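> Have a look at this prediction, sequence included:
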Amino acid sequence: MLGHGEQQRLATEVCDTILMQAKERLSFTQHPVSATLLHGALFPQHSLTFPESVLEKTVEAYPMLNQAKLKTELSHIYENSEFKACSGAVPMYQFFMENNLQSTFTETVTLLRILIITRMTTAESERAQLSFH
């Protein structure tokens with residue numbers, strides 16, 4: 001049987017762990033913002049006014065991206081009506097692969113991969129936690 005002091009220490013440790021995990025999960029908010037760069041319904045708006053602040057936040061969150069090249073690629077995407085039909089990161093990624101555009105739109109494909117993988121890993125961890133409880 002654990003003494004009162006040991007129980008209190010363990011309870012504090014558990015609470016600290018929960019708080020740290022909550023802070024980690026809530027601190028990264030750039031993923032949904034970054035996804036708006038590739039949301040087909042927003043392309044008409046983006047073609048009129050390029051989302052500079054979203055691009056800057058995206059490159060800040062994912063520093064491996066080349067901001068100037070990504071901006072050029074996105075500008076072409078926003079102007080091209082074929083891309084507007086893509087509803088979401090996975091369909092857009094498939095469009096790039098099916099049309100062999102990955103070497104032309106390298107930064108956009110990299111961002112799509114990040115968005116798809118991040119979404120999948122987040123969803124998987126949430127499902128794992130739900131099944132754990």
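Yep, that arrived.
> For stretch 104-111, what is the distance to the chain centroid?
Going by Cα atoms, centre = their mean, to the nearest Å, the spacing between the C-alpha centre of stretch 104-111 and its chain's C-alpha centre is 14 Å.
> Flag the shaky bits of the protein, pLDDT-wise.
Counting by pLDDT under 70, the chain contains low-confidence residues at 19, 21-31, 119-133.
> cutoff 50 now
Applying pLDDT under 50 to the predicted model, the residue ranges of the chain that meet it are 26-29, 120-133.
> Quick one: residues in contact with stretch 50-69.
Contact with stretch 50-69 is made by 28, 30-31, 33-34, 36-37, 42, 70-71, 74-75, 78, 106-107, 110-111, 114, as judged by Cβ atoms under 8 Å, 6 or more residues apart in numbering. For the C-beta atoms, the positions are set from N, CA and C on the backbone; glycine is no exception.
> just the buried members of the residues you listed?
30, 34, 37, 70, 71, 74, 78, 107, 110, 111, 114 (16 or more other Cβ atoms under 10 Å).
> Adding secondary structure and distance to residue 2, write the residues you listed out as TSV.
Output for the buried ones among the contacts of stretch 50-69, formatted as TSV (DSSP: H, G, I helix; E, B strand; the rest coil; distance: Cβ to Cβ, whole Å):
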residue	secondary structure	distance to residue 2
30	helix	42
34	helix	46
37	helix	52
70	helix	55
71	helix	59
74	helix	57
78	helix	61
107	helix	55
110	helix	51
111	helix	50
114	helix	45
